[in-house]
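**Student:** task: produce atomic coordinates for the following.
(one chain, ligands or ions: 1)
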Amino acid sequence: MEEDTSRWGFETRAIHAGQQPDPRTGSVIVPIYATATFAQDGVGGLREGGYEYSRTANPTRTALEEALASLEGGRHALAFASGMAASDIALRAITRPGDHVILGGDAYGGTFRLMDKVMTAWGVDYTSVDLADLDAARAAVRPNTKVVWTETPTNPLLGIADIPGLARVAAGAGAKLVVDNTFATPYLQSPLGLGADVVLHSTTKYIGGHSDVVGGALITSDDELNENFAFLRNAVGAVPGPFDAWLTLRGAKTLALRMEKHSDNAERIVEALVGHPKVTKVYYPGLPEHPGHETAAKQMRRFGGMVSFAVAGGEQAALDVVARTKLFILGESLGGVESLIEHPGRMTHASATGSPLQISGDVVRLSVGIEDATDLVQDLLQALG
Ligand SMILES: *Cc1c(COP(=O)(O)O)cnc(C)c1O
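**Tutor:** Okay, the predicted model is just below:
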């Protein structure tokens, strides 16, 4: 990282970290370096930046990585082709056959599948526990535990894990704490500052923010871990193209503004849902009765744009609600400017059916967008009937 951006506020870093005007042309926006390879001045004579081949490094991707490192308060960031590519590299760089991973109870379905179907086939075992419970986390530690992997807030029930507490459990076990910060984003939560070793993002979600690109990232201040991640990423080629990196970087510039509006709108919706006769439960860490509220209030700036709720009348009633919204688009994914609604039991979490991670059929998940809050509330109220 060339300049010290740490003295800048978050919004300034989002717009300027890693994003100086192009030295040759003055282009204010980092160009899309659509090139596979770079000219050398004599064999091994790499030009400024040391670029050689775009699988290894590309200037548009470097700009994104410097911005992400700065936003998360980490020394290093690496961008990936997807959040799952980042997860795969993180797990395989840290573990070896015979090792053990502790995975949060309601982990993202794709993370669960990677662990349960791919990593186990390579001899890496795992235990799935509710990481909101630090005693349960401690009890799951084995002599060969190398990773504690948590999301907070979790998906789709918005459970909260105590990051400093888990950092102590991981350190005591000689394991690395990986925090999937996709839901909170670096604007709302800084896991590295709270003791995490690695932050993971699906930049597809809030960081990209416009549902137009898939990507992932790993951020760490541990030089050796970063070197291992970079080696493995280059070895397997799990990289984003320059246009994807550019779109993600463009999205990241407005992250702070968007997260404020996502949080504002989510609060308005929660207000409308709590006490509604057709709603039996609202899952939002901003609610004082949420079991993780106190921890969330300590480690998060605000509570974000994800809201889940249970509908009176069970699964059919929940399916009716998701079919009736007009503004909320029925679809998977989250974190974009547009509001989305989905039924986790039948959609994002269908693969968990029959497992301990199964989501109750009456639950509906919202990714609250940045539209007019009154319009969003009205849409939900008409859908609830
Ligand atoms: C979407 C998501 C992922 C996976 O990211 P992709 O970009 O879809 O590969 C991982 N973790 C969480 C919390 C997610 O929401």
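**Student:** need the contact list for the residue in the stretch 251-385 of the chain positioned nearest to the ligand.
**Tutor:** Nearest residue of the stretch 251-385 of the chain to the ligand (Cβ to the nearest ligand atom) works out as residue 334 at 6.2 Å. The way it works is simple: take the backbone N, C-alpha and C, and place the C-beta from them, glycine included. Residue 334 sits next to 183, 205-206, 305-306, 340, 365, 367 when contact means Cβ atoms under 8 Å, 6 or more residues apart in numbering.
**Student:** go again with 10 Å.
**Tutor:** 155-156, 182-183, 202, 204-206, 211, 305-306, 340, 342, 348, 365-369 (Cβ atoms under 10 Å, 6 or more residues apart in numbering).
**Student:** from those, which are also near the ligand?
**Tutor:** 155, 182-183, 202, 204-205 (Cβ under 6 Å from any ligand atom).
**Student:** need the residues you listed in CSV (columns: secondary structure and distance to residue 247).
**Tutor:** CSV is the format used below for those (DSSP: H, G, I helix; E, B strand; the rest coil; distance: Cβ to Cβ, whole Å):
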residue, secondary structure, distance to residue 247
155, coil, 23
182, coil, 17
183, coil, 21
202, strand, 14
204, coil, 10
205, coil, 13
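**Student:** strands of the stretch 251-385 of the chain, start to end?
**Tutor:** Counting by DSSP state E, counting those that start in this stretch, the segments of the stretch 251-385 of the chain that form strands are 279-283, 306-311, 329-330, 340-342, 363-367.
**Student:** out of those, deepest packed?
**Tutor:** Here the criterion is mean neighbour count by mean count of other Cβ atoms under 10 Å, and of the strands of the stretch 251-385 of the chain the winner is strand 363-367, at a mean of 26.
**Student:** can you show me the strands along the stretch 51-200 of the chain?
**Tutor:** Under the criterion DSSP E, counting those that start in this stretch, the stretch 51-200 of the chain contains strands at 76-80, 100-104, 125-129, 145-151, 176-180, 198-202.
**Student:** using CSV, lay out the ones you listed together with mean pLDDT.
**Tutor:** Below are those laid out as CSV (pLDDT from 0 to 100):
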stretch, mean pLDDT
strand 76-80, 98
strand 100-104, 97
strand 125-129, 96
strand 145-151, 98
strand 176-180, 98
strand 198-202, 98
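**Student:** need those strands in JSON lines (columns: distance to residue 110).
**Tutor:** Output for the strands of the stretch 51-200 of the chain, formatted as JSON lines (distance: least, Cβ to Cβ, whole Å):
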{"stretch": "strand 76-80", "distance to residue 110": "13"}
{"stretch": "strand 100-104", "distance to residue 110": "12"}
{"stretch": "strand 125-129", "distance to residue 110": "14"}
{"stretch": "strand 145-151", "distance to residue 110": "12"}
{"stretch": "strand 176-180", "distance to residue 110": "11"}
{"stretch": "strand 198-202", "distance to residue 110": "9"}
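**Student:** circling back: can you redo the strands of the stretch 251-385 of the chain as JSON lines with mean pLDDT?
**Tutor:** As requested, the strands of the stretch 251-385 of the chain are exported to JSON lines (pLDDT from 0 to 100):
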{"stretch": "strand 279-283", "mean pLDDT": "98"}
{"stretch": "strand 306-311", "mean pLDDT": "98"}
{"stretch": "strand 329-330", "mean pLDDT": "98"}
{"stretch": "strand 340-342", "mean pLDDT": "98"}
{"stretch": "strand 363-367", "mean pLDDT": "98"}
